[in-house]
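In: With the sequence up front, the predicted model follows.
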Amino acid sequence: MSLDLSVDLCGIRLPNPLVLASGILGTSAPLLERVARCGAGAVTTKSCGPAPRAGHPNPTVIDWGGGLINAVGLPNPGVEAEVEIIATAIEQLAPLGVPLIASIFAETVAGFAAVAERISTANPDLIEVNISCPNVTAEFGRPFALDPASAAQVTAAVRAATTLPIIVKLSPNVTDIVAIARAVEDAGADAIAAINTLGPGMVIDVESGQPILANRVGGVSGPAIRPIAVRCVYDICAAVSVPVVGIGGVTCGRDAVEMLMAGATAVGVGSAVYQGGPEVFGHIRDELAGWMQAHDYASLSEFRGIAHER
């Protein structure tokens, strides 16, 4: 049986549904190309802001057993340098047929618009609007993702600043993620990414009695949060008409199937790269294909959203 793993995300074709999540290996053109060659269907850059940012001191990421906890602090070279990185990456990705998603953040609504306008000159395939990072709240204030009105305000500003498709990345740390999803859809989002890390959480070294992360707290990701991510994706897909990129704890082909059955159009992979390296994309893709063949599915559309029907 011939299998078709390709997906259409906002008019952009992905050879398979697996997307490198932002913040993971998206720091340079060679790394993005490597991930694409290892089997990713699309790659996302590390979130970029208006100006260069050093981020938090080490330790910034630890494996706590059920996944990762991190407080990297959004280190990035700033939008001017990022434009050059993206332009180079696009050239290297073009022969592979793998799209590039440029992730952005800012401290203000106007800042988001300015970064979106500038990053658009590099012509990425899509822009991810990261309104949900939980690790710099003390510096930037309350994340925009926590309130429908502020989330919509950022979305509308970015929508007005670019003609490229925009994906708004939501936080699970809210009482009603569906209300926020509807708000950003109404404000012009072409797609939604869900979810960002859970938390913040803390891990303490019981020998020293001190929090291990230099920032003390950080976002929790990995297998332990997957059921929460699946529920969020399921609820969002039932409430909006735009495509959803399901992210959170995906480590194998069956995890990807679960996200797709919840209604996701594409599936983000992040923490799994920490354990399995970029090659994890090829493993997940092949496991997904094997599952489809075993269950007589020729395309993803045949079982996408099936959990809603049952």
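Out: Received it, and whenever you're ready, just let me know what you need.
In: And the strands in the stretch 201-310 of the chain?
Out: Shown for the stretch 201-310 of the chain, the strands assigned by DSSP state E, counting those that start in this stretch span residues 204-205, 210-211, 218-221, 244-247, 266-269.
In: Which of the ones you listed sits closest to Ala21?
Out: strand 266-269 (4.2 Å; Cβ to Cβ). Every C-beta, even on glycine, is put in place using the N, C-alpha and C of the backbone.
In: Pipe the strands of the stretch 201-310 of the chain into JSON lines and attach mean neighbour count and mean pLDDT per row.
Out: As requested, the strands of the stretch 201-310 of the chain are exported to JSON lines (neighbours: other Cβ atoms under 10 Å; pLDDT from 0 to 100):
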{"stretch": "strand 204-205", "mean neighbour count": "11", "mean pLDDT": "97"}
{"stretch": "strand 210-211", "mean neighbour count": "13", "mean pLDDT": "97"}
{"stretch": "strand 218-221", "mean neighbour count": "28", "mean pLDDT": "96"}
{"stretch": "strand 244-247", "mean neighbour count": "29", "mean pLDDT": "98"}
{"stretch": "strand 266-269", "mean neighbour count": "29", "mean pLDDT": "98"}
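In: Quick one: closest of these to Thr60.
Out: strand 218-221 (7.7 Å).
In: first to last residue in stretch 36-54, what's the distance?
Out: 27 Å (Cα to Cα, to the nearest Å).
In: so how far is it off the chain centroid?
Out: 10 Å (Cα atoms, centre = their mean, to the nearest Å).
In: returning to what we had before: can you add distance to Gly41 and give the strands of the stretch 201-310 of the chain back as CSV?
Out: Shown next, in CSV, are these (distance: least, Cβ to Cβ, whole Å):
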stretch, distance to Gly41
strand 204-205, 38
strand 210-211, 37
strand 218-221, 20
strand 244-247, 11
strand 266-269, 7
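In: Helices along the stretch 101-250 of the chain, start to end?
Out: Here the stretch 101-250 of the chain has its helices, by DSSP state H, counting those that start in this stretch, at 109-120, 137-140, 148-161, 177-186, 226-239.
In: And those helices, which one averages the lowest pLDDT?
Out: Note on these: helix 137-140 shows the lowest mean pLDDT, a mean of 50.
In: Flag the shaky bits of the stretch 51-200 of the chain, pLDDT-wise.
Out: 133-141 (pLDDT under 70).
In: can I get the CA coordinates of stretch 81-93 in PDB?
Out: Coordinates of each C-alpha in stretch 81-93 appear next as PDB, following Å, rounded to 0.1, in the frame of the first residue of the first chain:
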ATOM      1  CA  ALA A  81      21.100  38.700  12.700                       C
ATOM      2  CA  GLU A  82      18.200  36.200  12.600                       C
ATOM      3  CA  VAL A  83      17.200  37.500   9.200                       C
ATOM      4  CA  GLU A  84      20.500  36.400   7.800                       C
ATOM      5  CA  ILE A  85      20.400  33.000   9.500                       C
ATOM      6  CA  ILE A  86      16.900  32.400   8.100                       C
ATOM      7  CA  ALA A  87      17.900  33.400   4.600                       C
ATOM      8  CA  THR A  88      20.800  31.000   4.600                       C
ATOM      9  CA  ALA A  89      18.700  28.200   6.100                       C
ATOM     10  CA  ILE A  90      16.000  28.600   3.400                       C
ATOM     11  CA  GLU A  91      18.600  28.100   0.700                       C
ATOM     12  CA  GLN A  92      19.900  24.900   2.400                       C
ATOM     13  CA  LEU A  93      16.400  23.600   3.000                       C
END
